[in-house]
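> coords please:
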Amino acid sequence: MGNIHYMAFSPDIFNASILIVDDRENNVALIKSMLRAAGYASVSSTTHPLEVCDLHRTHRYDLILLDLMMPKMNGFQVMKGLKEIEEIEPGQSLPVLVITAQAENKKRALQAGAKGFISKPFDQLEVLTHIRDVLEIRLLQKELHQSMAGSQAVPGERTAPQRSVPLPHYDLLTSLPNRALFHESLRKTIRQAEAGHRIVSVLYLNIDNFKNINDTLGHAVGDEILRQFSLRLLECLRVTDTVARLGGDEFGCILVTPDGSGDAGVVASKIREALRQPFDIEERSVVLTVSIGISVYPDDSRDADTLVRNGDTAMYRSKKAGRDTYRFFMAEMNARAIQKLDQENALRKALEWNQFVLHYQPKVELIGGKITGVEALIRWDRPGYGFIPPSEFISVLEQTGLISQVGAWVIETACKQIAEWRRLGIGNIPVSVNVSGRQFSQITLNQDVIRFIEENGVHPQLLEFELQTERALRQNSIDSDLLELELTEGSVMMHARKTIGILKRLKKLGIRISVDDFGTGYSSLAYVKRFPIDALKIDRSFIMDVTTNPADAAITTAIIDMAHSLDVSVVAEGVETAEQVDFLRERGCDEIQGFYFARPLPAVEITHLLLNGNNLIKPAQFLAS
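You can find the predicted model right below:
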């Protein structure tokens, strides 16, 4: 019996019965061809979710590949019916891998009893590896049941009462893989990584001071915390990553990346940030921290057991460093990690210590040279470092979740500046605020917009939101015509379904919407028509050589013509020379922004410019027009 825990999978795995459930026949055909090519001999399918429970009642499939989003009956309803057939207890898993393109369905599907996920679009290696792992456990479970049933059916002895038998490779409390399966999965992952020249990172996690929780709140509360912790851990990872409970309050993760181990540090930061939200259990609020050690294949070792030991060693370095942190096993990686953590810790204090400031860069109308508004750009005045540009710290704000707090500060500060300009008699100056993709996907967007406007008495058009992928800044404010929300192409498409709904709601408030860095990504006429877009900003990379590079000139001209044909205005970024101004004016570009007119300026200097310039500039290029 004990040998079952470690035995290799049986060749019978390819005779396992598999059911594919998807309302789209092309998806069914694709998965079926993958499985049959891999050697699976017993694969059937249905495009009708209402049939699944009856089919499973008859055939008792070893694995069901279940699409979540289907008409008439969705995957969650199917799993509810399967649970009744399987008669499983809460916390146990169904022989189901859900098929989904939406990561937000992870937690709900796990709670409904799913064993894991297959993500869309399909990756053949991922699909086949995940299916094989689940089937191996399923067949081991069946063999264990048979072994126990055989040992109990002894003549003359009473048959023991039936009870659920724990999965040999899964943790009973959290339903995560246990230590034995974690080591086996790591060995398989290393073999695959060796063939595909990939990097494998092992994260070894230990909850800080967990013994105190058990001692003061009791083991029942401690167990519930471990269950909730495991769910938060899953939310921080991709469906292709592996998560396991190694024992007690220790957990392990396996990450695979094409090159470099930088993702491991990002994931470690995400985990630490996820734990900052309190766990609410039995009317108690418990805040956890975790110490994380990271080891990397092949740099630290090519052996699975050694990698785990090295991760454990690195975890204890995290404990010695004061807990609530992470450390790499290798010294060079560790030095970079410590530098990044130092920056992260400094950013956490920057808002509290008033180290952020806004600079403002004018946007200018090409006909006449009038200032049409300004873009608010954040700077970090870090002691000992001077002013740090957003490109050097925005990604850290996003990875740690600090982007929401800092974004809210930017919005409020911009609103106060708008009100101040109005008080000084300058008038209504539209302000563009950069907003990150992560912020934009949050449901608090509209509330923040309305709240800051009401608090400062600012008309909606006075703020522009600029949603930018890489440098990603601020969360929004304001409410009507003077607001222009700028999104990068990547943000528009990455969150397309969610984005279009939010944009339509914002449009009802009268807010203008534009796309920033246009030309660098999808540059699709289809999405310009699909989304409620008022303006396009041509990326500075095209403007830089627009007067000397025929390709850049052609692209810029095409964007202007396309936008105007759809009644969309055009702003050129990064304009620095009179020749660029002439070119853009001749092509009918509406506005420019760049060093030719002004660099981003502190509030005092931009106020002086607005007061003295009376919103107008008159270089020769503008007079000529």
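> Where does pLDDT dip in the stretch 251-400 of the chain?
Scanning the stretch 251-400 of the chain for pLDDT under 70 picks out 258-262, 331, 333-334, 337.
> mind redoing it with 80?
Low-confidence segments of the stretch 251-400 of the chain (pLDDT under 80): 257-263, 276, 282-283, 331-341, 344, 368, 395, 398-400.
> Quick one: the strands in the stretch 351-500 of the chain, in order.
Secondary structure of the stretch 351-500 of the chain, counting by DSSP state E, counting those that start in this stretch: strands at 356-365, 371-382, 386-388, 431-436, 463-468, 484-488.
> And the third one, what does it pack against?
Okay, so that is strand 386-388. When contacts are defined as 3 or more C-beta pairs under 8 Å, 6 or more residues apart in numbering; DSSP states H and E, strand 386-388 sits against strand 371-382. The C-beta positions use only the backbone N, C-alpha and C, and glycine is treated the same way.
> now swap in the longest one and tell me
For strand 371-382, the helices and strands in contact under the criterion 3+ C-beta pairs under 8 Å, 6+ apart are helix 331-350, strand 356-365, strand 386-388, helix 403-423, strand 431-436, strand 463-468, helix 603-613.
> okay if I get the ones you listed as JSON lines plus mean neighbour count?
Shown next, in JSON lines, are those (neighbours: other C-beta atoms under 10 Å):
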{"stretch": "helix 331-350", "mean neighbour count": "15"}
{"stretch": "strand 356-365", "mean neighbour count": "21"}
{"stretch": "strand 386-388", "mean neighbour count": "13"}
{"stretch": "helix 403-423", "mean neighbour count": "21"}
{"stretch": "strand 431-436", "mean neighbour count": "29"}
{"stretch": "strand 463-468", "mean neighbour count": "29"}
{"stretch": "helix 603-613", "mean neighbour count": "15"}
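> For those, could you give me a markdown table that also reports distance to Ser565?
A markdown table is the format used below for these (distance: least, C-beta to C-beta, whole Å):
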| stretch | distance to Ser565 |
| --- | --- |
| helix 331-350 | 44 |
| strand 356-365 | 21 |
| strand 386-388 | 41 |
| helix 403-423 | 33 |
| strand 431-436 | 25 |
| strand 463-468 | 23 |
| helix 603-613 | 34 |
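> Which one, of those, ends up nearest to His197?
Smallest distance to His197 across those (C-beta to C-beta): 18.9 Å, for helix 331-350.
> Give me the angle between the closest one and helix 403-423.
40 degrees (axes from the mean of the first three to the mean of the last three C-alpha atoms, to 10 degrees).
> Counting by contacts, list what helix 331-350 packs against.
Judged by 3+ C-beta pairs under 8 Å, 6+ apart, helix 331-350 is in contact with helix 262-274, strand 290-297, strand 326-328, strand 371-382, helix 394-400.
> what about 7 Å?
If you count contacts as 3 or more C-beta pairs under 7 Å, 6 or more residues apart in numbering; DSSP states H and E, helix 331-350 packs onto helix 262-274, strand 326-328, helix 394-400.
> Redo the strands of the stretch 351-500 of the chain as a markdown table? Include distance to Val243.
Below are the strands of the stretch 351-500 of the chain laid out as a markdown table (distance: least, C-beta to C-beta, whole Å):
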| stretch | distance to Val243 |
| --- | --- |
| strand 356-365 | 36 |
| strand 371-382 | 34 |
| strand 386-388 | 35 |
| strand 431-436 | 27 |
| strand 463-468 | 31 |
| strand 484-488 | 31 |
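> can you tell which of these is closest to Phe583?
Among these, the nearest to Phe583 by C-beta to C-beta is strand 356-365 (15.3 Å).
> how about the closest one as PDB, C-alpha atoms only?
Output in PDB follows, covering the C-alpha atoms of strand 356-365 (Å, rounded to 0.1, in the frame of the first residue of the first chain):
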ATOM      1  CA  PHE A 356       5.600  62.600  -5.100                       C
ATOM      2  CA  VAL A 357       5.000  65.800  -7.200                       C
ATOM      3  CA  LEU A 358       3.300  66.500 -10.400                       C
ATOM      4  CA  HIS A 359       4.800  68.300 -13.400                       C
ATOM      5  CA  TYR A 360       2.600  69.500 -16.300                       C
ATOM      6  CA  GLN A 361       3.300  69.600 -20.000                       C
ATOM      7  CA  PRO A 362       1.200  71.700 -22.300                       C
ATOM      8  CA  LYS A 363      -0.700  70.500 -25.300                       C
ATOM      9  CA  VAL A 364      -0.800  73.100 -28.100                       C
ATOM     10  CA  GLU A 365      -3.300  73.600 -30.900                       C
END
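> Brilliant, that's me finished.
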